[in-house]
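Asks: Any chance you can model this:
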Amino acid sequence: MTDKDLTWGAINNEAVFGRAALVKELGVLRTALDNAQTWGEFRTQVSAERMREIVEDDPADDAPFAADEIPGFKDGDWPEWLHQEMLEWMPRDLITKFGTVEDSVLNGQFLSVPADAGEALARELERRGWSCQRDDHAVSLAAGWG
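Replies: The predicted structure follows:
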């Protein structure tokens, strides 16, 4: 996968696009966050890089895991938010043509694209060299709605 490989989906009446590798990684991470009962279970499901993001000293494998104890998780600051990530790589003219930049209450700006504009935006991105694969379930999972 390259940075030009995108996965997109329609969730909550919005079209959400993300780098395919990130969508896949966030899906795995969100599943671990939702299902792990111990730090050992969580650690076996996520990358070492993700572990370094959230802990300085690795908790014992049998220590109880609670996602809400991860700094920034409850506040929505971690992990990354696909709606914000779109602002980092999407061409400005497409942001203006297909969506609006909104301000969240706590987490800064994000891109809002109506779901019915998703197909047209995907085709325009493809004309510009991206590869766009639609997978509503993967994007929903990566966004934390899965």
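Asks: Can you show me the strands along the protein?
Replies: Secondary structure of the chain (DSSP state E): strands at 5-11, 14-19, 100-103, 109-112, 131-134.
Asks: ok, and which of those has the densest surroundings?
Replies: Counting by mean count of other CB atoms under 10 Å, strand 14-19 has the highest mean neighbour count of those, with a mean of 25. Heads up, the C-betas are built off the backbone N, CA and C, glycines and all.
Asks: what sits opposite the residue nearest to Val101 when sequence neighbours are not counted in the beta ladder?
Replies: Leaving out its chain neighbours, the residue that sits closest to Val101 by CB to CB, 6 or more residues apart in numbering is Gln109, at 5.4 Å. Beta-bridge partners recorded for Gln109 (DSSP bridges): Asp103.
Asks: Could I get the pLDDT score of Gln109?
Replies: Gln109 carries a pLDDT value of 94.
Asks: ok, now which ones touch it?
Replies: Under the criterion of CB atoms under 8 Å, 6 or more residues apart in numbering, the contact list for Gln109 reads Gln84, Leu87, Val101, Glu102, Asp103.
Asks: can you list the residues you listed in TSV and add pLDDT and distance to Ala10?
Replies: Formatted as TSV, those follow (pLDDT from 0 to 100; distance: CB to CB, whole Å):
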residue	pLDDT	distance to Ala10
Gln84	95	18
Leu87	97	19
Val101	97	19
Glu102	94	17
Asp103	91	23
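Asks: just the residues you listed now: which is nearest Ser131?
Replies: The closest of the contacts of Gln109 to Ser131 turns out to be Leu87 (CB to CB; 20.2 Å).
Asks: need the contact list for that closest one.
Replies: Ile95, Val101, Gln109, Phe110, Leu111 are the contacts of Leu87 under CB under 8 Å, 6+ apart.
Asks: How about His83?
Replies: Residues counted as contacts of His83 (CB under 8 Å, 6+ apart) are Glu14, Val16, Phe110, Leu111, Ser112, Ala143.
Asks: For Leu33, see how far away the fourth one is.
Replies: Okay, so that is Leu111. Leu111 sits 24 Å away from Leu33, going by CB to CB, to the nearest Å.
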